[in-house]
Structures are given as C-alpha cells and as structure tokens.
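Q: My questions concern the predicted model and sequence given below.
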Amino acid sequence: MCRKQYGTENVILSDIKKAPPEVYRSGPFVYADVLDYKNLRELVVNNRITWLVHYSALLSVVGEANVALARKINITGLHNVLDLALESCLRLFVPSTIGAFGPSSPRDPAPDLCVQRPHTIYGVSKVHAELMGEYLHHKYGLDFRCLRYPGIISANTQPGGGTTDYAVQIFHDALSTGHHECYLRADTRLPMMHIGDCHRATVEFMHAPECQLSLRTYNIAAMSFTPEEVSTEIRKHLPHLKVTYNPDSVRQTIADSWPVRFDDSNAQRDWGWKSTYGLEELVSDMLISVVLIVIEII
Ligand code: VAH
C-alpha cells in the first residue's frame, strides 16, 4: 500500500533474513538489524529516509519463551530506532497491540487511556514503546505515531509465535486437512483485523495532519470473534471443517488477560478511522487468498 502511495523505489523493506521471492521481486529490500545502530544509521543516511516504520518485535508467546531476547529486540531495538529518529529527524511509526493491556485493564471495551499492567514481556515492551515515544514527542517534538493492532489476519504470513496465530492457521487447516486443533477455548473472544484494514489504517494514520491528533497512541478496531464463531463462518464455505479444542495454558492465560473488544472512538473522531472487513468478508477473502497461495505453490 505504501508503494502504491509513494512509489515502489521510495519504500525500502528490510529484515535480517532473506525475503520470500515475491517480496524480493516487489521492490527495494535490504538487510537491517535493529540491534546494529551503525547499520541502521547507514541505511537512513544513504537512502535519505524520512519515515521509519518499525515492526521488529518478538510476539507474545515466543517472547515468554525467550524473555532475554524479547527484551533485547523489543526494548534495546526500539531505543536504537528512537535515537536514530531523533538524530536524523525521522517521522516514526511503531505498532502496539491488544497485548499492551492486562487483566486489571477494562476489557470490554478497552479504551485508549486506562490501566495497562500486561503480564507478558511483549506487552510490557509495547507499553514502554508507547510511553517512550510519547515522552520524546512532548520533549523533543518527535513525530511518533502508534496504533494498537488487534490480532492481524493475513494469508501471506506464517504464524509468528503469537496468541492469535490460531486465527490464521485455521484457514490453512480448513483447506488442507479439514481439521483444526485450537489451542484456545471455543469461547475466547479477541479483537481481530484483516491485514488490508491494518495496512490502510497505518497509512491513513501516518498521513493524518498533526493538528487532528489528540493522542499519539490509538486503539483501532474492526471485529472481535471467538474460535467457535470463526469456525461457524468458515463452515458456510467448507461444511466439513472439524475443530477440536485443546487449550494450551500459556496461550489461554495470555488471551484471558487481553481485551475482549477495543474502543476506537478516538481514532474514528480524530482521523476518520473506519474498518471495512467484518467476519464474513474476512473469511471469504482469507479462503480465496489461501487457495491462491496453494495454487501458486503447485
Ligand atoms: C500476538 N499476533 O498474538 C500478536 C498480536 C494482538 C496480538 O500482537 O502476540
């Protein structure tokens, strides 16, 4: 979406590992390690970067399995990016998450401003990112912008060690084996969003005039569903889908500490946020997208 808006050659994707062929062929792709400040600075200076969109992080479940690495990537990596943004006068977008809330937060719905005492290193690091970004905005004028994403559902990404991964895997299972074993209880409701809405929200928010923003960090919402509800919607297309439930204590405990729904009224009022994918549209699009990926692979 950014490349449509700003031109392919003006948007550089980066990672510490090789990109899939279709990503590599889509435009500029470089190596960038958030723990290597010199590497980041060279990229910014050599390419006259103006916006930095910082997605590197260990997600909720994988972070709990490797707290030291999560702290390095999610906090030290973030500080490198914050320092570079100040040094090079960059505008900075950093995503936060429903994981930035905890069991003592209002859960249904969770507003933008409330108690945030998450019980994961992922959540703690994201609250830190929110607070550090807002501090540097108020003290030095850094154009820091942050959206709290729901669970993002995309056919093109492999589950990345998150608590919401089931909501991607179920589509692949429905089209391959016809059976999905869910690691959450059937009634576990979580905020979710189609990748198309996520990308559009991010670009629209980055574009929003500064004068319209009453906050630096906003919740964005689209839908909330349970494993049972998404399974029922998939069965409208694939009646044979069988789902068994085998709750995993780590992921169930994390999910039970997160908001059930987001209040995103500030994003709607300040910069006109409005989602376009509901559960029906998400399921239809995901099934088509996963089929197209399978066809491409064959
Ligand atoms: C996770 N998918 O499950 C991520 C996300 C909203 C949750 O941050 O950890």
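A: Noted; the coordinates are in hand.
Q: For the protein, which residue gets nearest to the ligand?
A: Relative to the ligand, the nearest point of the chain is residue 162 (2.5 Å; CB to the nearest ligand atom). Using the backbone N, CA and C atoms, a C-beta is placed for each residue, glycine as well.
Q: Enumerate every residue touching that residue.
A: By CB atoms under 8 Å, 6 or more residues apart in numbering, residue 162 lies in contact with 59, 60, 61, 62, 151.
Q: Looking at the residues you listed, which are in helices?
A: 60, 61, 62 (DSSP state H).
Q: Low-confidence bits of the stretch 101-250 of the chain, can you list those?
A: Judged against pLDDT under 70, the stretch 101-250 of the chain has no low-scoring part.
Q: before we move on, the earlier item: is it correct that the residue of the chain closest to the ligand falls within a strand?
A: No. Going by DSSP: H, G, I helix; E, B strand; the rest coil, the assignment for residue 162 is coil, not a strand.
Q: give me phi/psi at it?
A: phi -110, psi 170 (degrees, to the nearest 10).
Q: how far away is it from residue 296?
A: Computed as CB to CB, to the nearest Å, the residue 162 to residue 296 distance reads 25 Å.
Q: Farthest pair within the contacts of residue 162?
A: Within these, two members stand farthest from each other by CB to CB: 62 and 151, at 14.8 Å.
Q: The two: who's more crowded?
A: For the pair residue 62 and residue 151, the greater number of neighbours falls to residue 151 (22 against 16), based on other CB atoms under 10 Å.
Q: close enough to count as contact, the more buried one and residue 192?
A: Yes. Shown here, residue 151 and residue 192 form a contact pair, counting by CB atoms under 8 Å, at 4.5 Å.
Q: So for the two, which residues contact both of them?
A: By CB under 8 Å, 6+ apart, the residues touching both residue 151 and residue 192 are 164, 167.
Q: Just confirm residue 63 contacts residue 118, I think it does.
A: No. Checked against CB under 8 Å, the pair residue 63 and residue 118 is beyond contact range at 10.7 Å.
Q: Next, count neighbours for residue 73.
A: 19.
Q: residue contacts, it?
A: Contacts of residue 73 (CB under 8 Å, 6+ apart): 34, 35, 56, 57, 58.
Q: Could you give me the PyMOL syntax to select whichever of the residues you listed are buried?
A: Filtering the contacts of residue 73 down to the buried ones (16 or more other CB atoms under 10 Å) takes a single PyMOL command:
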select buried, resi 34+56+57+58
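Q: I'd like the contacts of residue 73 as CSV, with secondary structure and distance to the ligand appended.
A: Listed next are the contacts of residue 73 as CSV, based on DSSP: H, G, I helix; E, B strand; the rest coil; distance: CB to the nearest ligand atom, whole Å:
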residue, secondary structure, distance to the ligand
34, coil, 17
35, coil, 21
56, coil, 13
57, coil, 8
58, coil, 9
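Q: which among the contacts of residue 73 gets closest to residue 279?
A: residue 57 (26.6 Å).
Q: surely that closest one meets residue 125?
A: Yes. Contact status for residue 57 versus residue 125: in contact at 7.1 Å, counting by CB under 8 Å.
Q: Now do the shared contacts for those two.
A: 70, 74.
Q: Redo the ones in helices among the contacts of residue 162 as CSV? Include pLDDT and distance to the ligand.
A: Converted to CSV, these look like this (pLDDT from 0 to 100; distance: CB to the nearest ligand atom, whole Å):
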residue, pLDDT, distance to the ligand
60, 97, 3
61, 96, 6
62, 96, 8
